[in-house]
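Student: sequence unknown, structure follows:
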């Protein structure tokens, strides 16, 4: 352990490999981002929005639970082993999406995708934080989330374009075979575990351990709890955008290629923006970053109810993407800052449990409201919830040093 060094510069090779691996992880989500709702309507004749969004509900629940257990098991089995397990579970996904004879097969594919994402994305997040130590966490998370969500955008655009040129299935999902192959091979042969980096940081950390990691992370700690509720609301509105936007745009007679562009703009700005916002999270008050980011999301979503042109949707998707870029790396950097190294993996797992539950909650709320009233009402309602989340952050969080704050409870 004497030779182990912490820092982005000191571990840049391994860090870069993890960034690339996380690009493959994000690409797996991008496979479904622009065309799966069309498959539901066109090939399987699903009409109810709640039925169409069932794939997101299942994905969100499974990913959330997997995130939790990834955090619990990371110290016991090692980050690398969980990363490899995630890719092995991902092998059948593109084939299920290509050849599914009914919607149940799509649901099974999303169960596997939820496990794949929970294991792989959580592992790469925790490993990067392990490598950089207590400095440049925001920048590190910005690079991680940039890789993942820029890949979501690229693959979402490519699948939309391929579908418009060659048909909805099977050709768009050939990309998934390549993503799984390179992700698995890279994880097995090039990634190294970071347990020694955790031990190194633990020996000098002065951040107190949490008394009850689950409840402190969930709500009791004012800073950690504020981050967790914002993470849930963020993914709640992301789940809505993922599921309802392709349906909304198709109803306005947008082509598959246009839908691919609009659905790619949001994660593209989200991904690229994190190259800047991650660095900002290291410099500026994290509470202000989170508050402004959630506020921008709320404004973009509410105004989307009145959008009616390609230009409107691209501009509002860009604002939504920038707001999300402000909060996403800041979420993880804040959790890492306020937890002891030995608590970190579990605390991040608990945060991601609640955050990714937002996918399921958002899909259910959106589907029910859209079926009972209309799509625009569901968008406005989700925008209002996002605004409330921003207010909670503003009044509950602080910018204090975590060592001096100790356990910050209400």
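Tutor: Cool, got the structure. Model, not experiment: these values are computed from the prediction. Residues are numbered from 1 along each chain as shown.
Student: and residue 53, what does it touch?
Tutor: Contact analysis of residue 53 by C-beta atoms under 8 Å, 6 or more residues apart in numbering lists 37, 239, 243, 244, 363, 364, 366, 367. C-beta: built from backbone N, CA, C; applies to glycine.
Student: from residue 142, how far out is the nearest residue to residue 6 once chain neighbours are set aside?
Tutor: Of all residues not flanking residue 6 in the chain, residue 133 sits nearest, at 3.1 Å (C-beta to C-beta, 6 or more residues apart in numbering). Applying C-beta to C-beta, to the nearest Å, the value for residue 133 to residue 142 is 16 Å.
Student: neighbour count winner among these two?
Tutor: Using other C-beta atoms under 10 Å, the more surrounded residue of residue 133 and residue 142 is residue 142, with 28 against 22.
Student: surely the more buried one meets residue 279?
Tutor: Yes: between residue 142 and residue 279 there is a contact at 6.3 Å, judged by C-beta atoms under 8 Å.
Student: mind checking which helix or strand of the chain has the lowest mean pLDDT?
Tutor: Ranking every helix and strand in the chain by mean pLDDT, DSSP states H and E puts helix 402-405 at the bottom, with a mean of 48.
Student: list the residues that contact residue 289.
Tutor: Here residue 289 is in contact with 277, 280, 281, 326, 327, 330 (criterion: C-beta under 8 Å, 6+ apart).
Student: quick check: the residue nearest to residue 6 touching residue 9?
Tutor: No: at 11.0 Å, residue 133 does not count as touching residue 9 under the criterion of C-beta under 8 Å.
Student: tell me how far the top helix by length along the chain lies from the chain's centre.
Tutor: Counting residues, the longest helix found in the chain (DSSP state H) is helix 341-372. When distances are taken as C-alpha atoms, centre = their mean, to the nearest Å, helix 341-372 is centred 10 Å away from the chain's centroid.
Student: tell me which residues in that helix are buried?
Tutor: For helix 341-372, the buried set under the neighbour-count rule, 16 or more other C-beta atoms under 10 Å, comprises 341-367, 369-371.
Student: stretch 94-112 now?
Tutor: Quick answer for stretch 94-112 (16+ other C-beta under 10 Å): 94-98, 100, 103, 105-107, 109-112.
Student: so how far is that stretch from its chain's centroid?
Tutor: That offset, for stretch 94-112, works out to 21 Å (C-alpha atoms, centre = their mean).
Student: equivalent analysis for stretch 225-238, please.
Tutor: 11 Å.
Student: ok so, going back, how about the contacts of residue 53 in JSON lines, adding pLDDT and distance to residue 397?
Tutor: Formatted as JSON lines, the contacts of residue 53 follow (pLDDT from 0 to 100; distance: C-beta to C-beta, whole Å):
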{"residue": "37", "pLDDT": "83", "distance to residue 397": "36"}
{"residue": "239", "pLDDT": "88", "distance to residue 397": "24"}
{"residue": "243", "pLDDT": "83", "distance to residue 397": "30"}
{"residue": "244", "pLDDT": "86", "distance to residue 397": "30"}
{"residue": "363", "pLDDT": "88", "distance to residue 397": "28"}
{"residue": "364", "pLDDT": "89", "distance to residue 397": "28"}
{"residue": "366", "pLDDT": "89", "distance to residue 397": "27"}
{"residue": "367", "pLDDT": "89", "distance to residue 397": "32"}
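Student: mean confidence for the helix or strand containing residue 298?
Tutor: Here residue 298 is covered by helix 286-304, with elements defined by DSSP states H and E. The average pLDDT for helix 286-304 rounds to 97.
Student: do stretch 93-111 as well
Tutor: The pLDDT scores in stretch 93-111 average 95.
Student: do the same with stretch 121-130
Tutor: Summarised as a single mean, pLDDT over stretch 121-130 is 93.
Student: tell me which stretches of the stretch 101-250 of the chain form helices.
Tutor: Applying DSSP state H, counting those that start in this stretch to the stretch 101-250 of the chain gives helices spanning 103-132, 137-166, 174-189, 195-202, 213-215, 222-251.
Student: make CSV from those helices and add distance to residue 262 to it.
Tutor: Output for those, formatted as CSV (distance: least, C-beta to C-beta, whole Å):
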stretch, distance to residue 262
helix 103-132, 22
helix 137-166, 9
helix 174-189, 19
helix 195-202, 41
helix 213-215, 38
helix 222-251, 6
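Student: and of the ones you listed, who's closest to residue 292?
Tutor: helix 222-251 (11.8 Å; C-beta to C-beta).
Student: tell me how far the closest one is from the chain's mean position?
Tutor: Relative to its parent chain, helix 222-251 has a centroid offset of 10 Å by C-alpha atoms, centre = their mean.
Student: that one to helix 341-372, inter-axis angle?
Tutor: Here helix 222-251 runs at 40 degrees with respect to helix 341-372, directions being taken by axes from the mean of the first three to the mean of the last three C-alpha atoms, to 10 degrees.
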